[in-house]
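Undergrad: Here's my sequence, what's the structure:
(4 chains)
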2 protein chains.
Amino acid sequence: MSGMSRRRITSKELAKLAGVSSATISRAFSPDSRIGSATRDRILAVAREHGYQPNAIARSLNNQRSRLVALVVNAIGNPCEAEEQQLLVHRLQARQLLPIILCCADHSDRLQLMRLASTYQVDHVVVFSDMVSMQDAVDIFHTTKPIIVSFEPLDNESVSSIRIDGAEAADEIIDKIVRDGKKRFAYLSGTNSSWIDKLRRKWFADALAKRGLSFEAQAFGDYSYDSGFKEAVLLLHRDKVDAIICGNDVMAIGARDAARRVLGKNTPDDIAIVGQDGIAMAAWDCNDLTTLSLDHVAFIDAVVELIERHDAEIEGPHSITLTCTARWGSTA
Amino acid sequence: MSGMSRRRITSKELAKLAGVSSATISRAFSPDSRIGSATRDRILAVAREHGYQPNAIARSLNNQRSRLVALVVNAIGNPCEAEEQQLLVHRLQARQLLPIILCCADHSDRLQLMRLASTYQVDHVVVFSDMVSMQDAVDIFHTTKPIIVSFEPLDNESVSSIRIDGAEAADEIIDKIVRDGKKRFAYLSGTNSSWIDKLRRKWFADALAKRGLSFEAQAFGDYSYDSGFKEAVLLLHRDKVDAIICGNDVMAIGARDAARRVLGKNTPDDIAIVGQDGIAMAAWDCNDLTTLSLDHVAFIDAVVELIERHDAEIEGPHSITLTCTARWGSTA
DNA sequence: ATGCATTGTGCACACGATTACACAAACGAC
DNA sequence: GTCGTTTGTGTAATCGTGTGCACAATGCAT
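TA: From the prediction side, this is the model:
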């Protein structure tokens, strides 16, 4: 417990101190290896005394297993992903896996960043971001056996994926809004054209089509409050819509604020606003959003299940489908 | 570009393919090493063709430098830290450093988690969380030379830190509220008793004392909207306060909602509510919070500066002080 | 032509662990 | 007492790079 020693002690040095060979040190730290229990106890005691812990970098090199997991995300701050990230990080930590965050803000260095991470021999890759092409991810991480991804289903033997189905819930929501008398719908996308965005838009477009309607206008934001606010002003003013389906909850809050503040219109009477994701903030009293909600716990359960399959070296990709539900607030 | 090769190619194999020794391969990838430029170009071409990239794990073992950075945080979702995390991650990535997230939710395994990370020979440690004692961090990471931390100043030769000063801004805010006629103040803490919480409370307590006032009540939340909501109900109802200083912005939003919803009181006339952090959400139209704001960019600049000093092996700890400012909204 | 500095490359070892193999000791069965 | 099995430990190779040292080749000045 001297705490002052600058350098980390190595297994060979500890071996000398304990009067054994370095192989025995290693065995003392591997639960299922042949070693006398007296020897193990003595070694662990000496190790504790000198603050020894096996070097995970060296172990990874030998093992061909780093216990590192790359998480590819759009952003850290944005709550639409944050809740899932938080859950996943906890689950990984419980399994003694360490998450490396790859934050892919702008396109230029996304690939370079992923290449850097692949260099660290990560055991798994979870792609949360809809900004990165799955094909790119596969090309870069092809060495790490199959890849765990989410959202985008890719016909590749080495990719497991999670599919999301919100068609039914979207239908319920559209049904309610149409019955409330709204006629002119707009879709406010979160990205210019990502796979997940197209999918979500289709759920609502299909529900409208079923009733002989379609989107009168479409706008593109960037998943942020500010973009929701700005685009909503245009949609309401220029396109005279009375219902806006937003790509996520944060933009929906921005749109609601814009309607109230700039045009003096209130939900749900003058205008209907719908979010997507079902983040905690959407349920706050000041927001009370109607939203197409995904069960985050179930989602992360699915991710963890895929990772466990991968860890157990079960061959072949696997696909899990989750269903969204409508969560009702006072905005639609 | 076959993309089908299961195993990663090694430097020795590439050496055979390029007709050189593995040492030369290594040199081809090190910018400042003695190697013929023709040889380097040829090697890089062959490397690209076979998808070779040097193994960072092996390099780290040899280098004694992992280029990994441990980020110790309270939570990922909570916006009060998220903006800083996001900024820092980008800055680290730009320096080719990979962040490992340690999310310290409950106390039980915090230390174990940090020990696990220290095993990976991280080059730097940034402690954002006020839930972990700096002394623990120092004990665990003492091998990674000095530690980069934030907030808690610790008298330790191996710890650099960032100090935050919000006394003056707190004084401004209290001044305004007192001039508005508020008399009974409460402080709503974010944690039971963390170092940063005590510090922030003191800024406001001092400002009150200067005017012959003090906190009439104190409550403890957990930095969440729900805890802000719940505690505010008690403070307003039971303790009849008319001003609440909150430990962060999210709790302040919860408190504002509680005042409005449960007791029908509005800011700033009936009651004053103040947040801390200055997150983007606080400025949203629906919130418009008065808050003690910290310049996140300046803060992360400071963190990066400390990391750079550390990387350059400049000896000795260093301390940087940042000043908060008052950001005015309609809640106080 | 000789001496010396510079450049380019290979050899071999180090980094710190894990693990197949070998071997000694202990043990039980007959 | 002998053989076979189990148990515990050491030896040495291995994981994939980086790098000090040695050495050949080249360039340049005299």
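Undergrad: who's in contact with whatever residue of the stretch 101-250 of chain A ends up closest to DNA strand C?
TA: For the stretch 101-250 of chain A and DNA strand C, the shortest gap (Cβ to the nearest atom of the strand) falls at residue A:121, measuring 13.0 Å. Bear in mind the C-beta positions are built from the backbone N, C-alpha and C, glycine included. Neighbouring residues of residue A:121 by Cβ atoms under 8 Å, 6 or more residues apart in numbering or on different chains: A:60, A:64, A:66, A:68, A:143-144, B:8, B:55-57.
Undergrad: Which of the three states applies to it?
TA: Using DSSP: H, G, I helix; E, B strand; the rest coil, the secondary structure recorded for residue A:121 is coil.
Undergrad: Quick check: the gap between it and residue A:310.
TA: Per Cβ to Cβ, to the nearest Å, residue A:121 is found 14 Å from residue A:310.
Undergrad: Which residue ranges of chain A form helices?
TA: Remark: helices assigned in chain A by DSSP state H are A:11-18, A:22-29, A:37-50, A:56-63, A:79-94, A:110-119, A:134-141, A:167-179, A:195-209, A:225-238, A:249-262, A:296-311.
Undergrad: In a markdown table: those, plus distance to chain B and mean pLDDT.
TA: Putting these into a markdown table (distance: least, Cβ to the nearest Cβ, whole Å; pLDDT from 0 to 100) gives the following:
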| stretch | distance to chain B | mean pLDDT |
| --- | --- | --- |
| helix A:11-18 | 13 | 93 |
| helix A:22-29 | 11 | 96 |
| helix A:37-50 | 12 | 93 |
| helix A:56-63 | 4 | 96 |
| helix A:79-94 | 4 | 87 |
| helix A:110-119 | 4 | 92 |
| helix A:134-141 | 5 | 86 |
| helix A:167-179 | 22 | 96 |
| helix A:195-209 | 20 | 93 |
| helix A:225-238 | 6 | 94 |
| helix A:249-262 | 4 | 94 |
| helix A:296-311 | 10 | 90 |
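Undergrad: Please identify the most buried of those helices.
TA: Stretch with highest mean neighbour count among the helices of chain A: helix A:249-262 (a mean of 25; mean count of other Cβ atoms under 10 Å in any protein chain shown).
Undergrad: so what does that helix touch, helix or strand wise?
TA: helix A:79-94, helix A:225-238, strand A:243-246, strand A:272-277 (3 or more Cβ pairs under 8 Å, 6 or more residues apart in numbering or on different chains; DSSP states H and E).
Undergrad: In terms of pLDDT, where does the residue positioned nearest the centre of chain A sit?
TA: With distances taken as Cα atoms, centre = their mean, chain A has residue A:128 as the residue nearest its mean C-alpha position (3.9 Å). Residue A:128 carries a pLDDT value of 85.
Undergrad: For the residue nearest to it when sequence neighbours are not counted, give the beta-bridge partners.
TA: Excluding the flanking residues, the one nearest residue A:128 by Cβ to Cβ, 6 or more residues apart in numbering or on different chains is residue A:73, at 4.6 Å. As for beta bridges, residue A:73 partners with residue A:103 under DSSP bridges.
Undergrad: Give me the domain ranges for chain A.
TA: By the assignment in automatic domain parsing, chain A contains the domains A:11-54, A:65-165+A:296-323, A:167-293.
Undergrad: re earlier: list the contacts for the residue nearest to the centre of chain A?
TA: The neighbours of residue A:128, taking Cβ under 8 Å, 6+ apart as the test, are A:71-74, A:81, A:84-85, A:150.
Undergrad: Quick check: phi and psi on it?
TA: Main-chain dihedrals, residue A:128, degrees, to the nearest 10: phi -90, psi -20.
Undergrad: Distance of it relative to residue A:196?
TA: Using Cβ to Cβ, we find residue A:128 at a distance of 10 Å from residue A:196.
Undergrad: same thing with residue A:131?
TA: If you go by Cβ to Cβ, the gap between residue A:131 and residue A:196 works out to 10 Å.
Undergrad: check contacts around residue A:216.
TA: Taking Cβ under 8 Å, 6+ apart, one finds A:184-186, A:239, A:241 in contact with residue A:216.
Undergrad: Nearest to residue A:136 among those residues?
TA: Taking Cβ to Cβ as the measure, residue A:136 lies nearest residue A:186 of the contacts of residue A:216, at 31.6 Å.
Undergrad: Look up which residues are beta-bridged to that closest one.
TA: Beta-bridge pairing for residue A:186 (DSSP bridges): residue A:217, residue A:244.
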